[in-house]
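Asker: predicted model, plus sequence, below.
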Amino acid sequence: MDIRNINFLIVANIGYTIGLGKFLNENNWKGVAITIKYRPTLNMTIAKTDMTMTIAGYGTTTTSDTDNSTTFNAGGFGFDWEFSNFTSSMNKIAPPPKMKLSFFFLPPIKNSPLFISFSLGVVYYNAKGSTAPKKRL
């Protein structure tokens, strides 16, 4: 049996981000960035299956099947919550750690199943590699 499957998933992100937080001073902002996204999806699949069976006394049988399908799902949407600090002098020091929660929902359509995704991303930078200027006394 020989099976080949190629799947292309093309997702567009169209959204809006709003920041909920406050300025700690005129150069530092701390808060949560909430993003709401509309995510239409185009899914293209190319599948080819070749099967060869040899049965003693009956010979060899070869079966081939090809399935090409394209589906468009206009019902996808997602949410992101990103917890951040933004500083006007950020290019001089290592960025602070960040955390991001994401949710994605793609409803079932035709042969495509329901797809729900939750994810958590945490970014942490090691202070040893920082290029922050040293303070002198």
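Answerer: All right, it came through fine. All values reported here derive from a predicted model rather than from experimental measurement. Residues are numbered from 1 along each chain as shown.
Asker: ok, and for the strand or helix carrying residue 66, which residues are buried?
Answerer: Per DSSP states H and E, residue 66 falls inside strand 59-73. Buried positions in strand 59-73, judged by neighbour count with 16 or more other Cβ atoms under 10 Å: residue 73. (Each C-beta comes from the backbone N, C-alpha and C, glycine too.)
Asker: for the residue of the chain positioned farthest from its centre, phi and psi?
Answerer: In terms of distance from the mean C-alpha position of the chain, residue 57 ranks first, at 53.2 Å (Cα atoms, centre = their mean). Per-residue torsions, residue 57: phi 90, psi -10 (degrees, to the nearest 10).
Asker: got it, and residue 113?
Answerer: Backbone geometry at residue 113, expressed as degrees, to the nearest 10, gives phi -80, psi 170.
Asker: do the same with residue 74
Answerer: phi -90, psi 0.
Asker: and what of residue 13?
Answerer: Main-chain torsions, residue 13, degrees, to the nearest 10: phi -110, psi 110.
Asker: if we can go back for a sec, and the strand holding residue 66, what does it pack against?
Answerer: Other helices and strands packing on strand 59-73, by 3 or more Cβ pairs under 8 Å, 6 or more residues apart in numbering; DSSP states H and E, are strand 41-55.
Asker: residues in contact with the strand it packs on?
Answerer: Under the contact criterion Cβ atoms under 8 Å, 6 or more residues apart in numbering, strand 41-55 has outside partners 1-12, 60-73, 76, 106, 112.
Asker: and it, average pLDDT?
Answerer: The predicted model assigns strand 41-55 a mean pLDDT of 85.
Asker: adjacent strands (with direction) for that strand?
Answerer: According to DSSP bridges, strand 41-55 forms sheet pairs with strand 2-11 (antiparallel), strand 59-73 (antiparallel).
Asker: what comes up buried for that strand?
Answerer: 41, 43, 45.
Asker: same check on stretch 6-14?
Answerer: Buried residues in stretch 6-14 (16+ other Cβ under 10 Å): none.
Asker: how near is residue 4 to residue 66?
Answerer: Separation of residue 4 from residue 66 (Cβ to Cβ, to the nearest Å) stands at 10 Å.
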